[in-house]
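Enquirer: just need the structure, nothing else, for what follows:
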Amino acid sequence: MATELSRVIDSVSKDKGVERGAIIAAIEEAVLSAAQKLFRMEDKNKELEVHYNEEEADIELFEFKTVVQEVKDPDLEISIEEAKELDPEAGLGDLIGVKINPDFTRIAIQNAKQKILQKLKEAEGKVIYEEFKSRKGELVSGIVRRIEKKNVIVDLGRTEAIIPQIQQVPKEYYKAKERVRAVLIDIKETKRGPQLILSRAHPDFVRRLFEAEVPEITEGIVEIKSISRDPGSRTKIAVASKDSDVDPVGACVGMRGSRVQNIIQELRGEKIDIVPWSSDPARFVCNALSPARVNKVIIDESNRSMEVIVDDDQLSLAIGRRGQNVRLASQLTEWRIDIKTESQVKREQQEVVSLLMTLPNVGEVTANLLYNEGFHSLEDIAFSDPETLAKSGGLKSEEDAQKIQVAARIALKDRLEKMSLSEQPSNQTEEVHES
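Expert: Just a heads-up that it's a prediction; the model follows:
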């Protein structure tokens with residue numbers, strides 16, 4: 001039995017990855033708990049201890065008794081003569097441990113077994129948590145075991161993980177016994193042990209696939225700057241090279257597209273746009289809008305937005321189906337992007353120029369100059385700096401600029417009065433109906 005116990009402890013330690021000491025502690029705690037319950041049922045209050053004897057490879061249970069001259073309570077006391085036999089140095093008043101072998105009931109043995117299994121599960125959970133805690137964000141591979149309430153349960157070998165429905169790619173289907181790869185995005189401690197959360201929809205899944213497929217990324221020559229993704233449909237990835245001799249896009253695409261095709265296959269046909277990253281925001285946005293061609297970019301740094309001008313035949317390509325291309329480009333660059341065609345810009349310019357020409361001393365040339373300098377409304381004129389306005393419109397003096405501003409403010413005031421008058425009748429009608 002002793003040899004068998006030692007062998008079982010070693011086997012469980014190896015299979016579960018739990019330290020031997022933790023297993024022994026679980027057994028000791030279970031035996032102590034069972035013994036305490038047994039003696040409580042017999043109305044005996046004993047001070048007990050359990051130790052694992054490494055030499056004998058056995059669990060030993062001790063009850064502690066006080067050494068006395070004359071025994072009055074055999075459950076708590078031991079005579080000096082008996083104590084001397086156990087320990088020659090024992091003296092009166094000492095506590096001495098006496099080895100006992102109680103007859104455990106079948107229920108007590110079953111309870112002890114359950115407690116040991118529970119403690120082993122807790123210890124194994126801690127080991128798994130510590131192991132996977134450092135692997136957060138890594139690519140993992142496992143076997144699909146089952147589908148539970150639309151969640152995919154994946155066997156990773158030592159433990160199971162879950163791909164929640166929200167982390168699954170739309171229109172992807174999973175079969176039992178199918179091998180699947182995903183990125184570990186979180187690990188939670190629960191009462192039932194650690195819960196590993198996997199994702200195939202997260203942008204980091206694409207990042208890890210490129211890192212696994214492209215050696216230049218692993219070596220640090222090529223860097224993934226940003227990723228935007230519409231899972232199952234399209235991904236945009238911006239890359240840069242630290243070596244001028246290495247083309248970052250070419251490195252990711254691979255010979256005849258071999259590298260990127262392997263990733264597309266893993267993503268089950270998801271399209272991938274690989275674009276060169278640039279420190280120049282305008283150039284980066286132009287790259288991100290690929291395959292559309294951009295004619296002009298107007299930057300508004302204060303609002304972190306850009307107005308992108310394209311040819312009329314490039315508009316649908318720049319925006320993409322359901323706005324996908326411009327949305328992904330905006331996420332990739334972290335800039336707000338507003339796309340307009342050349343004809344739209346010309347129409348807007350004509351409307352603004354006509355409006356500005358209603359102001360005194362503003363001809364077509366001056367109006368176009370003001371438009372090109374960013375004066376696109378009466379508000380822009382009315383509340384700008386006179387010196388800036390004079391320089392932008394090629395005016396003779398700041399006094400001329402101030403006169404134009406006064407006229408713009410009067411025009412704005414008239415507009416507001418007309419708006420308030422147009423709203424009055426409707427308000428009066430509402431009051432009549434209410435009365």
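
Enquirer: only C-alpha atoms for contact and neighbour calcs from this point on.
Expert: Noted.

Enquirer: hey, what's Lys236 bridged with?
Expert: Residues in a beta bridge with Lys236, per DSSP bridges, are Ser228, Asp273.

Enquirer: so who does it touch?
Expert: Residues near Lys236 by Cα atoms under 8 Å, 6 or more residues apart in numbering: Ile227, Ser228, Arg229, Ile272, Asp273, Ile274, Val275, Ala288, Leu328, Ala329, Leu332.

Enquirer: what pLDDT does the fifth one get?
Expert: The one in question is Asp273. Note on Asp273: pLDDT of 95.

Enquirer: one step back: which of the contacts of Lys236 ranks first by neighbour count?
Expert: Sorting these by how many neighbours each has (other Cα atoms under 10 Å) puts Ala329 first, at 29 neighbours.

Enquirer: domain map for the protein?
Expert: The record's domain split for the chain, according to automatic domain parsing, is 2-128, 142-199, 202-277, 281-342, 357-424.

Enquirer: to Arg135, which of these lies closest?
Expert: Arg135 lies closest to domain 142-199 among the domains of the chain, at 7.4 Å (Cα to Cα).

Enquirer: Val180 against Ser141, yeah?
Expert: Yes. With contacts counted by Cα atoms under 8 Å, Val180 reaches Ser141, the gap being 5.8 Å.

Enquirer: quick one: which of the domains of the chain is nearest Gln349?
Expert: For Gln349, the closest of the domains of the chain is domain 357-424, at 7.1 Å, according to Cα to Cα.

Enquirer: contacting residues around stretch 339-354?
Expert: With Cα under 8 Å, 6+ apart as the test, stretch 339-354 has contacts from 307-312, 315, 318-319, 364, 367-368, 371, 376-377.

Enquirer: closest to Val152 out of these?
Expert: Within the contacts of stretch 339-354, the smallest distance to Val152 is 34.7 Å, found for Ile319 (Cα to Cα).

Enquirer: surely that closest one and Asn325 touch.
Expert: Yes. With contact defined as Cα under 8 Å, Ile319 reaches Asn325; the gap is 5.3 Å.

Enquirer: buried ones in stretch 231-249, by neighbour count?
Expert: Neighbour-count burial for stretch 231-249, with 16 or more other Cα atoms under 10 Å as criterion, is recorded at 231-232, 234-241, 247-249.

Enquirer: in CSV: these, plus pLDDT, secondary structure and distance to Arg256.
Expert: Formatted as CSV, these follow (pLDDT from 0 to 100; DSSP: H, G, I helix; E, B strand; the rest coil; distance: Cα to Cα, whole Å):
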residue, pLDDT, secondary structure, distance to Arg256
Pro231, 95, coil, 25
Gly232, 93, coil, 23
Arg234, 95, strand, 20
Thr235, 96, strand, 20
Lys236, 97, strand, 20
Ile237, 97, strand, 19
Ala238, 97, strand, 20
Val239, 97, strand, 19
Ala240, 96, strand, 20
Ser241, 95, strand, 20
Asp247, 95, coil, 14
Pro248, 96, helix, 15
Val249, 95, helix, 13
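
Enquirer: on that earlier part again, from the contacts of stretch 339-354, which would you call buried?
Expert: Neighbour counting over the contacts of stretch 339-354 (16+ other Cα under 10 Å) leaves 307-311, 315, 318-319, 367-368, 371, 376-377 as the buried ones.

Enquirer: pLDDT added to these, as a markdown table?
Expert: Listed next are the buried ones among the contacts of stretch 339-354 as a markdown table, based on pLDDT from 0 to 100:
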| residue | pLDDT |
| --- | --- |
| Glu307 | 91 |
| Val308 | 94 |
| Ile309 | 94 |
| Val310 | 94 |
| Asp311 | 94 |
| Leu315 | 93 |
| Ala318 | 94 |
| Ile319 | 94 |
| Ala367 | 88 |
| Asn368 | 89 |
| Tyr371 | 86 |
| His376 | 86 |
| Ser377 | 86 |
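
Enquirer: so which of those residues are in strands?
Expert: Those of the buried ones among the contacts of stretch 339-354 mapping onto strands are Glu307, Val308, Ile309, Val310, per DSSP state E.

Enquirer: ok, of those residues, which one's closest to Met255?
Expert: Proximity of those to Met255, judged by Cα to Cα, is greatest for Val310, which lies at 32.4 Å.

Enquirer: partner residues bridging that closest one?
Expert: Here Val310, judged by DSSP bridges, has bridge partners Thr341.

Enquirer: that one contacts Leu289, correct?
Expert: No. In this structure, Val310 is not within contact of Leu289 by Cα under 8 Å, at 10.7 Å.

Enquirer: what is the burial count for Gln165?
Expert: Gln165 has 14 nearby residues by other Cα under 10 Å.

Enquirer: got the contact list for the nearest residue to it once chain neighbours are set aside?
Expert: Distances taken as Cα to Cα, 6 or more residues apart in numbering place Asn151 nearest to Gln165, at 5.4 Å, with adjacent residues excluded. Contacts for Asn151 (Cα under 8 Å, 6+ apart) come out as Ile162, Ile163, Pro164, Gln165.

Enquirer: from Glu211, how far out is the second one?
Expert: If I follow you right, that is Ile163. Note on Ile163: its distance to Glu211, by Cα to Cα, to the nearest Å, is 22 Å.

Enquirer: and those two? which has more neighbours close in?
Expert: Per other Cα under 10 Å, whichever of Ile163 and Glu211 has more neighbours is Ile163, with 23 against 20.

Enquirer: how about the more buried one, phi and psi?
Expert: phi -110, psi 100 (degrees, to the nearest 10).

Enquirer: what does the pLDDT read for it?
Expert: On the pLDDT scale, Ile163 gets 95.

Enquirer: quickly list what it is bridged to.
Expert: On the basis of DSSP bridges, Ile163 is bridged to Val152.

Enquirer: isn't Leu389 up against Ile381?
Expert: Yes. Using Cα under 8 Å, Leu389 is in contact with Ile381, at 7.4 Å.
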